[in-house]
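S.K.: just the structure for this:
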Amino acid sequence: MSVFLLLEGTTYACLEHERIALLQLKPFFNHYDELVDWDKPKGSDCCRWKGIECNTTTRRLVGLTLNSTRDSSEGWYLNASLFLPFVGLKRLYLRGNAIAGCIENEGFEKLSSALGNLEILDLSVNLLNDSVILPLSEFSSLRYLSLAFNQLEGSSHSNGFRWFSRLLNLGTLDLSWNPLGNDIMFQLSSLSSLKNLSLRSIDLEGELLHIQGLNNLTNLRYLDLNSNSIESILNKDETQLRLANLERLDLKSRSVGSELECIKGMFPHCLGNLTSLRELDISNNQFSGNLSPLQTLTHLHTSLSKNRLQIPTSFVPLVNLPNLKFLYGDENNMVMEPSLHTSIPKFQLNVISVKVHNISRTQC
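M.R.: Predicted coordinates for the structure are as follows:
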């Protein structure tokens, strides 16, 4: 009988104070009635509510997803203190809610000590400005931070993104689609823990005078510079990228109206320094020259489409790349060589596309 009473008195529902805290959040994130099930009677299991993830043992809330649950037509200011009860929170997604900042004295700085387990924070597609940088730098447990599609400039604060050097566990940072400009390269040079960095469409332009700062990011595996207006990835003093662990590099350029904003000049030999590179996308640029910088990249598959490169019909520069599975080389210059090469390629391509308008012949 005593055993029966013990089992009947045991609850596997969420913690009551966290259930109450969720109900206090609901009015701010329920514009589209997305949270209709957040209205159960006392004792109901909020771990079963939409967007909620709980630890199966402690029943504490560990994941909270509130993406696009607020009308995005008008900016508003968040009371971040509403998240204080969720001390076990590891993942918080607030994407697409038109958050313009926080109520005075109720910002993210109030959360850093209470949410000491927070590892993933997604604040993308909001209206946040540089005032959020310093408070977020205090979340020492963060491993993933997305601030894409906001209004960050990085230069309106004395230290800008240098504050993020405090985030010693941060592996992924997405700053895409913010008007940051070239200075961001220098500001990020101390974020040595980064493995994945996305700087897509952040108004990089011309020569990247501080690109050598990225060489300090020795753990970097993925670098996205897609859709900028870069003209060169070499400094005036010819400082080069030397990211020995980089596996993916995206340098694809963008079109603005009928104009193509792209990287011009000779195919950079510094790419040959990236010896761990597996994926390279330089499409939609105006690189010229030959493919010799790729000869040392034995792990590579690549997209070279829409450039001005000279690709030999023998593919000699690529024959020693045993891991090459995909090659996209459309709209370049195919070149017939004067002598027949007998090298047997080490690669076994799954996909190859080299559509060209004409084939030229090299001189003897």
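
S.K.: quick one, what contacts residue 171?
M.R.: By CB atoms under 8 Å, 6 or more residues apart in numbering, the contact set of residue 171 is 143-144, 193-196, 219. For the C-beta atoms, the positions are set from N, CA and C on the backbone; glycine is no exception.

S.K.: so of these, which ones are in strands?
M.R.: In strands, defined here by DSSP state E, the members of the contacts of residue 171 are 144, 196.

S.K.: compare the contacts of residue 171 and tell me which is most surrounded.
M.R.: residue 194 (22 neighbours; other CB atoms under 10 Å).

S.K.: assess the claim that that residue and residue 222 are in contact.
M.R.: No - counting by CB atoms under 8 Å, residue 194 does not reach residue 222; the two are 9.3 Å apart.

S.K.: hmm, which two among the contacts of residue 171 are most spread apart?
M.R.: 144 and 219 (14.5 Å; CB to CB).

S.K.: which other residues reach stretch 60-70?
M.R.: 14-15, 18, 22, 25, 28-32, 34-35, 46-47, 51-55, 76, 83, 86-99, 117, 122, 125.

S.K.: report the buried members of those.
M.R.: 14-15, 18, 22, 25, 28-31, 34-35, 46-47, 51-52, 54, 83, 86, 88-99, 122, 125 (16 or more other CB atoms under 10 Å).

S.K.: narrow those to those in helices?
M.R.: 18, 22, 25 (DSSP state H).

S.K.: mind giving me a markdown table with those residues and columns for pLDDT?
M.R.: A markdown table is the format used below for these (pLDDT from 0 to 100):
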| residue | pLDDT |
| --- | --- |
| 18 | 96 |
| 22 | 96 |
| 25 | 95 |
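
S.K.: tell me where the stretch 51-200 of the chain has strands.
M.R.: Under the criterion DSSP state E, counting those that start in this stretch, the stretch 51-200 of the chain contains strands at 52-54, 61-65, 76-78, 91-93, 99-102, 120-122, 144-146, 172-174, 196-198.

S.K.: please render those strands as CSV that adds distance to residue 330 and mean pLDDT to the earlier fields.
M.R.: CSV is the format used below for those (distance: least, CB to CB, whole Å; pLDDT from 0 to 100):
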stretch, distance to residue 330, mean pLDDT
strand 52-54, 44, 97
strand 61-65, 40, 98
strand 76-78, 46, 97
strand 91-93, 38, 98
strand 99-102, 42, 96
strand 120-122, 35, 98
strand 144-146, 32, 98
strand 172-174, 29, 98
strand 196-198, 25, 98
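
S.K.: include distance to residue 231 when you put these into TSV, please.
M.R.: Formatted as TSV, those follow (distance: least, CB to CB, whole Å):
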stretch	distance to residue 231
strand 52-54	46
strand 61-65	40
strand 76-78	39
strand 91-93	37
strand 99-102	34
strand 120-122	32
strand 144-146	28
strand 172-174	24
strand 196-198	21
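
S.K.: residue ranges with poor pLDDT in the stretch 101-250 of the chain?
M.R.: 156-158, 234-239 (pLDDT under 70).

S.K.: one more time with 80
M.R.: 155-158, 207-212, 232-241 (pLDDT under 80).

S.K.: related to what we said a few turns ago, of the contacts of residue 171, closest to residue 336?
M.R.: residue 196 (41.0 Å).

S.K.: how close does the closest one get to residue 143?
M.R.: Going from residue 196 to residue 143 by CB to CB, to the nearest Å gives 10 Å.

S.K.: nearest spatial neighbour of residue 163, skipping sequence neighbours?
M.R.: Distances taken as CB to CB, 6 or more residues apart in numbering place residue 137 nearest to residue 163, at 3.8 Å, with adjacent residues excluded.

S.K.: got it, and residue 37?
M.R.: residue 49 (5.3 Å).

S.K.: quick one: that neighbour from residue 17, how far?
M.R.: Taking CB to CB, one finds residue 49 at 15 Å from residue 17.

S.K.: more neighbours: which of the two?
M.R.: Just comparing residue 49 and residue 17: by other CB under 10 Å the higher neighbour count belongs to residue 49, 20 against 10.

S.K.: so the more buried one sits against residue 25, correct?
M.R.: No - judged on CB under 8 Å, residue 49 makes no contact with residue 25 at a distance of 11.1 Å.

S.K.: what would the contacts of residue 171 look like in CSV with distance to residue 347?
M.R.: As requested, the contacts of residue 171 are exported to CSV (distance: CB to CB, whole Å):
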residue, distance to residue 347
143, 35
144, 34
193, 34
194, 31
195, 27
196, 27
219, 28
